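Dropping a prediction and its sequence here:
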Amino acid sequence: MLEHHPIKRSPGTRQERDQLVRTVCQECSVACGLLVSVKGGVIVDVQGDEDHPVSRGRLCARGTAFVQGVHSAERLTAPAARRKRGEPYKALEDWKSGVDLLAERLRQVRDRHGPDALVIACDRESGLDFRLGARRFARLWGTSQVFDAAGEPLDPWPEGLDSPTAPCTEWIHSECLLLVEADLAASHPVAFGLIQEAQRRGACVVAADARFTATLAKADVALRIRPGQGNALGLALAKLMVAERGLDDRAPEGAFTDPAAWRASLERMSLESADAALGISGDALRHLSGLLAGRRAVTVLTGRELATRPHHRIWLTLAKAMGWVGRSGGGWYPVDAGTPPLAVEGDPGDAPPTQPDRETSALPELTEGGRVQALVCSGDALAEWVSPFGGVAEQAELVAHFGAFPNATWEAASMSFPAALWAERSGLFFGGDRSVEWGRPIVEPPAGCRTGLDFWMELARRFGWEQRFPWARADGLADHDAFYEWLLARSPAAVGVRLGDVRERSATARCFWPAGESAHPAALRSAALEAHPAPASLASDGAVAPGYPLALATVSSSCRSGDASRFWAWTRTLASEDAVEIHPDTARRLGVENGDEVLVETPRGELSARAQLSRAVSTSTLGTLRRVGGLPALLRKKDQSADEARALLCEAIP
Amino acid sequence: MTTHVRRHLWLADASRCVGCFGCEVACKLEHGLPGGPRTVRVVPVGPRGDGDALSLSFQPTSCCHCDRPACVLACPTGAMQKRADGIVFSDLERCIGCQTCAVACPFGVPQLNPATGKIAKCDGCRARIDQGLWPACTLKCPSGALMFGSPTRVVNQIRSQEAVKVARSFGEQEREPV
C-alpha cells in the first residue's frame, strides 16, 4: 500500500463568540457538518466540522453564503395581505389576525369551488415540518394536491428502499464510479470531493450527461448522451453486460423473482437504434460496458431527474445483477432521493381519504385546467415550478405565500406569511445517504417569523383540528421535538431511529434509517427483487415536439439552492437566473450574440432571458438555472418572429 | 527579503478545482466583503474544443504576493505593504481608495470595495495565520485544489501526490480492464 501523508490542516476561527453551534448544513442533501460562531445573536463565522465523516471540514459556496440569507435586510418579518395583486401589501397586526384572514378566504373558496380547488406547493427550503404539516392539513381538508419541489411527488424512496444505499463515504473503496445525469461537482461539491479522492486512489470515474458539466470535465471517461436518455443508457448497458456477456452469475442466488424472464426481455430488446436514441456510438457503449464488467466494486450514481422518468428501476436491477450491491464501494446511489415514506397524514381509525393518495393529476394539467382557485406556496414555488410562465395566480381567487423573501411568488400573492430559515429552526433533516440528522437552530428567527409547523398548526386551529396538531407548547408555538418524536414512532421506515440518539449523536457516529437490518420493516424489505423488464427497443428522444427544435434543460450550480440563494449578494452574480446557455453554432444561426436579450418559447409559455454562449450545451439544447427543464423549446431574438427563428434553426438541426 | 522569517505557500492546483466558488465565499465571510470585489477568483476556462472533444477547467486565482510588488511601490500613502513573511496587504486605516495600486498591479488584483471606499485585496489571511490557522479559502476548499503550508511541506505534498499517481499508473497497466 502506498503511504502518503497529507499536510495537517489547522482549522478554527479567529472571531470572538458567545456561542459555538454544531449543526448540519441544510442547503443540499449532503448535510455537511457546520461549526458556527455566534455573537450577540449574529453569525460571525462559519467553519466546517473537521470531525464530520462526509465533509471533513470542507464547505462549498452555499455552506457559507447561507449567512447572507439569515441576516439579509430584505427578509420579510410580518404577515401581510392585500385585496389584489398590484396593490401594496398592508402589514397585519400579528400572526393570529393573518391566519384568521387566510382561514376565512380559504373557507370562501371551499364553499364556492369545493376542497379540490386548493393546491399546496412546498419548496425544499420550507423544511420537513412544512411539507409534512401540509400533507396532514390537506388530508383533513379533503385534497391530496400537495406537491413537493418541482412538482414531484413526495417520498419516492420505496423504489430504492429494498436496496439500502451505502453512504457516500464508501465511494473511496470503489474501482469505478458511474455518474449518470448527476452533476455532483456543481450540485454537491463536497460529496464530489470523495469521488475525486476515489479517483486518486485509482478508481475510474465515468460521467454521462447531456451537458458538458464540471463533472464530465473531471471524469476519466466523459459521455455526452441525448437529453433525458439516462435510463436508456442503463437499459443498453444491462443488455450488453448481462444478455450478451452472460455475467448474471455474479448476482447472488435468489436475487430476482424471475431472472429468466428478465433475461429474455433483455435478449428481445433491440439495440439497433441505440446510437440514435442515446446519442453515443455503439463502440463507445461497448467500451463502457467492458470497462464496467471488468470491475467488481462499481457504484452507479443517478441524478434526481432520472427518478421521474420511465425505467428508473433498471439501475437497481443492473447493480444487483452485476453483484455490485452489498459490496464495499459498490451499489446504486440515487442522488437526492428524498425522505423516507413518513406516515403523517391520517390517524388510526380515520376514514380512508376521499381520493386515493398520489392519484392526483399532474401539476401542469391542474394549473392549465383552471381548476385551481386557492394556492398555498412556500418559498418561490409558484414562480419556480407551479406556474413558471404565469397565468395561474391571475385566475386563482387566493394565493398565499409562506416564505422569507419578497420573491416573485410574493409579488403574485395576496397574502404573505414570514418564514424562519433552516438556520433558525430545529428539526429532522434526511440526508442523501439515508442519514438522519438533527438540525439545531443557529440563531433565533426575526420576531414575526414562524416555522412551517407553526403555520399549519395555527391554520388547523381555525378549522377545529387542534387535536390533530397536538404539538403546541405553553406559548402556543410548535414543539418540534414532540412532533418529530411522534413522527418517528409511527413511520415504519424510521423504525429503530430514536430522536434522542439522533440529537445526541457525535459527529463521527451518524444515524441511518432504517436503523439496522433487524428493524427493516418486512413490508419494505424484499429478499428477491422484481427485475425491471426491458422494453422492446430504446425509444428515441421524446422531448422533441413539432415546431420546437430545441430542448430546454435545467443546469445545476454550486451557488444556487433554494429561494434564499437569490438574495445572497456574494453569489448572485456568479450564477444568473436570467441567463440561458446557447451553443455558439445555434446562436450564430439566429444571429444571437453573447448578452443579447432572447425569448425562449415552450408549449407551456415564454421566458425572456439573456444569451450566454457556451459549448457546455449541445447545438440542440438550451441550459437554464430555472426549474423548467425537460420542455421542448424554440429560441428567438427579441425582434425575430417565431417562424423566422424556426426556419433558421431547422436548417441546422434535422 | 529576509529568509529567517517563516514563509508560507498558497498553491492552487487547477487540475482538482471543480469551480464551486467555495473559496470566494469563504473569503467574503472572513473579511466581511460585499458582493462586488473578488479577492479570490475562480476563472472557468472553457468548455473549449469541438464536438465530443471538449475540455473545461477552473483556475483559482488570487494575489501573487510578489517579491517586488508594484502595488507597494505605487501606493502614495504607504498603506500597501509587504510583511517580512512575504504577505502583501493594505493597511485599511491608511488606504484612501485612490486605486493607484490597482493600476500598478500587472494582474489586476487590487479592487475597490464599494462598501468602504477602500481597497479589497487578499491579505493572506494574516490575522488567521498569525494564530496558526489556515487561510479561510484553503480550509473550506472541497476538492483540495487549494494547498497551504511551508514551501518545503507543500512541495513535498505535490511530489508525493505525483509519485502516487505514477505508481498507480504502473498498477493500472498490469490490471488492464477487459
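Everything's here; your move. Numbers count the residues shown, from 1 in each chain, chains lettered A, B, ... in the order given.

what number of residues lie near the residue lying closest to A:Asp347 once chain neighbours are set aside?
The shortest distance from A:Asp347 to any non-neighbouring residue, by Cβ to Cβ, 6 or more residues apart in numbering or on different chains, is to A:Arg468 (7.1 Å). To be clear about C-beta, it is placed using only N, CA and C from the backbone, and glycine gets the same treatment. Each residue near A:Arg468 was counted by other Cβ atoms under 10 Å in any protein chain shown, and the total is 17.

Over to B:Gly46?
15.

any idea which helix or strand carries it?
Assigned by DSSP states H and E, B:Gly46 falls within strand B:41-50.

I'd guessed the residue nearest to A:Asp347 sits against A:Gly346; true?
No: contact criterion Cβ atoms under 8 Å: A:Arg468 and A:Gly346 do not qualify, at 9.5 Å.

neighbouring contacts of the longest helix that chain B contains?
The helix that spans the most residues within chain B, counting by DSSP state H, is helix B:151-174. Helix B:151-174 is contacted from outside by A:2, A:4-7, A:200-202, B:7-9, B:11, B:13, B:147-149, using Cβ atoms under 8 Å, 6 or more residues apart in numbering or on different chains.

State the separation between that helix and the centre of the chain it belongs to.
Mean C-alpha position of helix B:151-174 versus that of the full chain (Cα atoms, centre = their mean, to the nearest Å) differs by 23 Å.

One more: stretch A:87-103?
With Cα atoms, centre = their mean, you get 31 Å for stretch A:87-103.

coming back round to it: and the contacts of whatever helix or strand comes next after the strand holding B:Gly46?
Downstream of strand B:41-50, the first helix or strand assigned by DSSP H and E is strand B:53-61. Residues from elsewhere that reach strand B:53-61 (Cβ under 8 Å, 6+ apart): A:212, A:214, A:216-217, A:222, A:615-616, B:12, B:14-15, B:17-19, B:23, B:40-49, B:107, B:145-146.

List only those of the residues you listed flagged as buried.
A:212, A:214, A:216-217, A:222, A:615-616, B:12, B:17-19, B:23, B:40-42, B:47, B:145-146 (16 or more other Cβ atoms under 10 Å in any protein chain shown).

So which of these are in strands?
A:222, B:12, B:41-42, B:47, B:146 (DSSP state E).

What is the neighbour count of A:Gly390?
Using other Cβ under 10 Å: A:Gly390 sits among 13 other residues.

Against chain B, how distant is it?
29 Å (Cβ to the nearest Cβ, to the nearest Å).

for A:Leu366, helix, strand, or coil?
helix (DSSP: H, G, I helix; E, B strand; the rest coil).

Quick check: it vs B:Arg83, distance?
64 Å (Cβ to Cβ, to the nearest Å).

Of these two, which one has the most company?
A:Leu366 (19 against 16).

That one is in contact with A:Val119, isn't it?
Yes: in this structure, A:Leu366 is within contact of A:Val119 by Cβ under 8 Å, at 6.3 Å.

Mutual contacts of the two, please.
By Cβ under 8 Å, 6+ apart, the residues touching both A:Leu366 and A:Val119 are A:145, A:372.

and the nearest residue in space to A:His583 that is not next to it in sequence, what pLDDT?
Of all residues not flanking A:His583 in the chain, A:Thr619 sits nearest, at 4.6 Å (Cβ to Cβ, 6+ apart). On pLDDT, A:Thr619 comes in at 92.

isn't A:Ala319 right next to A:Gly330, touching?
Yes: A:Ala319 is within contact range of A:Gly330, at 7.4 Å (criterion: Cβ under 8 Å).

Now list whatever residues contact both of those two.
Shared contacts of A:Ala319 and A:Gly330 (Cβ under 8 Å, 6+ apart): A:Val298.

Need phi/psi at the residue sitting nearest the centre point of chain B.
Centrality entry for chain B: nearest residue to the mean C-alpha point is B:Ser62, 3.9 Å, by Cα atoms, centre = their mean. When read as degrees, to the nearest 10, the backbone of B:Ser62 gives phi -160, psi -170.

Same check on the one 10 residues further on?
For B:Val72, the backbone dihedrals (degrees, to the nearest 10) come out as phi -70, psi -40.

now swap in the one 10 residues further on and tell me
Phi and psi for B:Lys82, reported as degrees, to the nearest 10, are phi -120, psi 130.

Could you report the neighbour count for it?
17.

Spatially, what comes nearest to it if we skip its sequence neighbours?
B:Val88 (5.0 Å).

do B:Arg16 as well
B:Ala145 is the one closest to B:Arg16 (Cβ to Cβ, 6+ apart), at 3.9 Å.

Likewise for A:Val555?
A:Gly623 (4.4 Å).

Can you tell me the strand partners of the strand or helix carrying that neighbour and which way each runs?
Using DSSP H and E, A:Gly623 maps to strand A:621-624. Partners of strand A:621-624 in the sheet, by DSSP bridges, are strand A:550-554 (parallel), strand A:579-582 (antiparallel).
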